[in-house]
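# Have a look; sequence and predicted model below, questions after that.
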Amino acid sequence: MNISNLNIESKERIDLVNITAEVNEVIDFDTGWVFVFSKHTTSGLTINED
């Protein structure tokens with residue numbers, strides 16, 4: 001199992017940041033699993049087809 005941390009910073013108070021490329025760089029394609037979560041209470045994650 002590969003565990004990676006990504007640090008993403010927004011540029012505005014309200015911002016939408018596409019992290020697809022960053023997540024693709026750390027995905028373990030052998031297992032096919034990826035788990036993404038946010039440790040901050042004022043942020044959120046959404047999954048959308050690109």
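Yep, that arrived.

# any weak-confidence spans in the protein?
By pLDDT under 70, the low-scoring segments of the chain are 50.

# Please name the residues that touch Val23.
With contacts defined as C-beta atoms under 8 Å, 6 or more residues apart in numbering, Val23 is in contact with 6, 34, 36. C-beta coordinates here come from the backbone N, C-alpha and C atoms, glycine included.

# same check, this time on Ser38
Residues near Ser38 by C-beta under 8 Å, 6+ apart: 44-45.

# which element is it on?
Using DSSP states H and E, Ser38 sits in no helix or strand.

# gap between it and Gly32?
Distance, Ser38 to Gly32, using C-beta to C-beta, to the nearest Å: 22 Å.

# What of Glu22?
Taking C-beta to C-beta as the measure, Glu22 falls 18 Å from Gly32.

# What about the contacts of Val23, which one has the most neighbours?
Ranked by neighbour count under the definition other C-beta atoms under 10 Å, those are headed by Val34 with 13 neighbours.

# Settle this for me: it is touching Ile27, isn't it.
Yes - because the distance of 5.1 Å satisfies C-beta atoms under 8 Å, Val34 is recorded as touching Ile27.

# burial of Ile27, as a residue count?
Under the neighbour criterion other C-beta under 10 Å, Ile27 is assigned a count of 13.

# Same check on Phe35?
Based on other C-beta under 10 Å, the number of other residues close to Phe35 is 5.

# cool, the one 4 residues further on as well?
Neighbours of Lys39 under the rule other C-beta under 10 Å: 6.

# got it, and Gly44?
The local packing count at Gly44 equals 7, with neighbours defined by other C-beta under 10 Å.

# that older thread, and which of the contacts of Val23 is nearest Arg13?
Leu6 (20.8 Å; C-beta to C-beta).

# which residues does that closest one contact?
Shown in contact with Leu6 (C-beta under 8 Å, 6+ apart): 19, 22-23, 26.

# can you tell me which of those are in helices?
Secondary structure assignment (DSSP state H) places 22-23, 26 from those within helices.

# got JSON lines for those, with distance to Asp15 too?
Formatted as JSON lines, the entries for the ones in helices among the contacts of Leu6 read as follows, by distance: C-beta to C-beta, whole Å:
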{"residue": "Glu22", "distance to Asp15": "15"}
{"residue": "Val23", "distance to Asp15": "17"}
{"residue": "Val26", "distance to Asp15": "22"}
